[in-house]
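Visitor: missing the sequence, but the structure's below:
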């Protein structure tokens, strides 16, 4: 038996933010990030709409990129004091992901973070509040997914939390918010969305319900991402829908080892974070080549290649064409080809190699690995990560 879960209501299109005034409740806490929503006036609009709905409103601001366990606990404490019946998370993936975890600790204060690391092990939510998610970036699709990524900085590990309980009740996908994204963020979030869709299509849990969403998202992203990056706002609006479709696919089909590797390399090195979407973009061509040793996965990659208009006289040729196209997209978006070149070389080579075994082991144990079409051994994961650092060819 399969399961397909989405938000109860999804409002989309320009001006959809106004739907906040139709929420029914008495108190809403709005969780936001570092200030862009305030700067562009969207936060005040949201607050005004909620007040128009008759709610008392409190803000929880300044959720950092890659939200921490500590931020989650502070937010949960604020919720426990305010007692909202709506949690409205607004901004990029970080404030929405953080708010999902805050929600859990608000409803179950005795739960520990360690309890939630086990996939699909959350307690039943909605005993105190419902959840509305409003994305401002076109990548994570956390507004429609059963996932949240929280970073334990003390351990240097990103934890993907997974449970259908944290799928939002309401998603508001208003492209007006995404039109404010800077160029680099547009590139990174767009390739995050492309990775979501491709990994969902080849996941061992793909099904007839997720395949059309994944394929159409891939087609839209392939068509619109570069134009969105170059400032075409029609393409930017399309990308906001495309990333959401990719999210619907992967929330139900799950992901693969591109994400496992991105989660475990993101916060592992002292030189700095590897931005999640950029990590996905760098690792995706290597993982496609690795996974294509699995015959079913190879055929599905070939399906993707044909669907976006690529040609080849064999499955292998189509897989190689897809890899070449992903690499070409990365080049056009000024995304580096490997970790060694990331941000001018901030990830130290010696530190990378010193930590290789441990990072590889953590990547294998990541929640996303189980649905990858090929499960890597420790040796294979080390080779994959090595190839992603030095931009080596995959031949195993």
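Guide: Now that the structure is in, tell me what you want to look at. These figures come from a predicted structure and were not determined experimentally.

Visitor: buried set for whichever strand or helix holds residue 249?
Guide: Per DSSP states H and E, residue 249 falls inside helix 233-253. For helix 233-253, a neighbour-count test (16 or more other C-beta atoms under 10 Å) marks 235-253 as buried. (C-beta placed from N, C-alpha, C; glycine too.)

Visitor: how far out from the middle of the chain is that helix?
Guide: 11 Å (C-alpha atoms, centre = their mean, to the nearest Å).

Visitor: output the contacting helices and strands for that helix.
Guide: Secondary-structure packing of helix 233-253 (3 or more C-beta pairs under 8 Å, 6 or more residues apart in numbering; DSSP states H and E): strand 9-12, strand 130-135, strand 170-173, helix 175-178, helix 183-202, helix 211-229.

Visitor: repeat the analysis, applying 6 Å as the threshold.
Guide: helix 175-178, helix 183-202, helix 211-229 (3 or more C-beta pairs under 6 Å, 6 or more residues apart in numbering; DSSP states H and E).

Visitor: which of those helices is buried the deepest?
Guide: Greatest average neighbour count among those goes to helix 183-202 (a mean of 26), per mean count of other C-beta atoms under 10 Å.

Visitor: run the angle between that helix and helix 211-229 for me.
Guide: 160 degrees (axes from the mean of the first three to the mean of the last three C-alpha atoms, to 10 degrees).

Visitor: state the mean pLDDT of helix 183-202.
Guide: Mean per-residue pLDDT for helix 183-202: 98.

Visitor: domains of this protein?
Guide: The chain breaks down into these structural domains: 9-178, 183-390 (assignment by automatic domain parsing).

Visitor: gap between the two ends of the first one?
Guide: In other words, domain 9-178. 20 Å (C-alpha to C-alpha, to the nearest Å).

Visitor: for the record, mean pLDDT for it?
Guide: 95.

Visitor: chain center to that domain: distance?
Guide: 14 Å.

Visitor: with distance to residue 1 added, can I get the domains of the chain in TSV?
Guide: Below are the domains of the chain laid out as TSV (distance: least, C-beta to C-beta, whole Å):
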stretch	distance to residue 1
domain 9-178	14
domain 183-390	11
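
Visitor: nearest to residue 396, out of these?
Guide: Ranking those by distance to residue 396, with C-beta to C-beta as the measure, places domain 183-390 first at 6.1 Å.

Visitor: who does the host helix or strand of residue 46 touch, helix- and strand-wise?
Guide: Assigned by DSSP H and E, residue 46 belongs to helix 42-52. Helices and strands touching helix 42-52, by 3+ C-beta pairs under 6 Å, 6+ apart, are strand 56-60.

Visitor: out of the helices and strands packed on helix 233-253, flag the one nearest residue 149.
Guide: Closest among these, using C-beta to C-beta: helix 183-202, at 11.2 Å.

Visitor: give the other helices and strands that the closest one contacts.
Guide: Using 3+ C-beta pairs under 6 Å, 6+ apart, helix 183-202 sits against helix 211-229, helix 233-253, helix 276-291, helix 295-307.

Visitor: would you reformat the ones you listed as JSON lines and include distance to residue 58 and mean pLDDT?
Guide: Below are the helices and strands packed on helix 183-202 laid out as JSON lines (distance: least, C-beta to C-beta, whole Å; pLDDT from 0 to 100):
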{"stretch": "helix 211-229", "distance to residue 58": "34", "mean pLDDT": "98"}
{"stretch": "helix 233-253", "distance to residue 58": "28", "mean pLDDT": "98"}
{"stretch": "helix 276-291", "distance to residue 58": "29", "mean pLDDT": "98"}
{"stretch": "helix 295-307", "distance to residue 58": "45", "mean pLDDT": "98"}
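
Visitor: take the ones you listed and lay them out in TSV including distance to residue 179.
Guide: What follows is these, written out as TSV (distance: least, C-beta to C-beta, whole Å):
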stretch	distance to residue 179
helix 211-229	10
helix 233-253	6
helix 276-291	18
helix 295-307	28
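
Visitor: and the gap between the residue most central in space within the chain and residue 294?
Guide: With distances taken as C-alpha atoms, centre = their mean, residue 140 lies nearest the centre of the chain, 3.1 Å away. As judged by C-beta to C-beta, to the nearest Å, residue 140 and residue 294 stand 27 Å apart.

Visitor: and for residue 394?
Guide: Counting by C-beta to C-beta - residue 394 and residue 294 are separated by 13 Å.

Visitor: what's the nearest residue to residue 141 if we skip its chain neighbours?
Guide: residue 247 (2.2 Å; C-beta to C-beta, 6 or more residues apart in numbering).

Visitor: go on, residue 188?
Guide: The shortest distance from residue 188 to any non-neighbouring residue, by C-beta to C-beta, 6+ apart, is to residue 277 (3.3 Å).

Visitor: would you mind confirming that the one you found is in contact with residue 187?
Guide: No: counting by C-beta atoms under 6 Å, residue 277 does not reach residue 187; the two are 7.6 Å apart.

Visitor: correct me, but the residue nearest to the centre of the chain touches residue 94?
Guide: No: between residue 140 and residue 94 there is no contact under C-beta under 6 Å: 8.5 Å.

Visitor: and the strands in the stretch 1-150 of the chain?
Guide: Under the criterion DSSP state E, counting those that start in this stretch, the stretch 1-150 of the chain contains strands at 9-12, 27-31, 56-60, 86-91, 130-135, 147-152.

Visitor: what does the fifth one contact?
Guide: Outside strand 130-135, the residues within contact range by C-beta atoms under 6 Å, 6 or more residues apart in numbering are 86-90, 96, 103, 143, 168-172.

Visitor: among those, which one has the most neighbours?
Guide: Counting neighbours by other C-beta atoms under 10 Å, residue 96 leads the contacts of strand 130-135 with 33 neighbours.

Visitor: now do the contacts for that one.
Guide: By C-beta under 6 Å, 6+ apart, residue 96 lies in contact with 89, 133, 142.

Visitor: pick the one among those closest to residue 48.
Guide: Using C-beta to C-beta, residue 89 comes nearest to residue 48 of the contacts of residue 96, at 17.5 Å.
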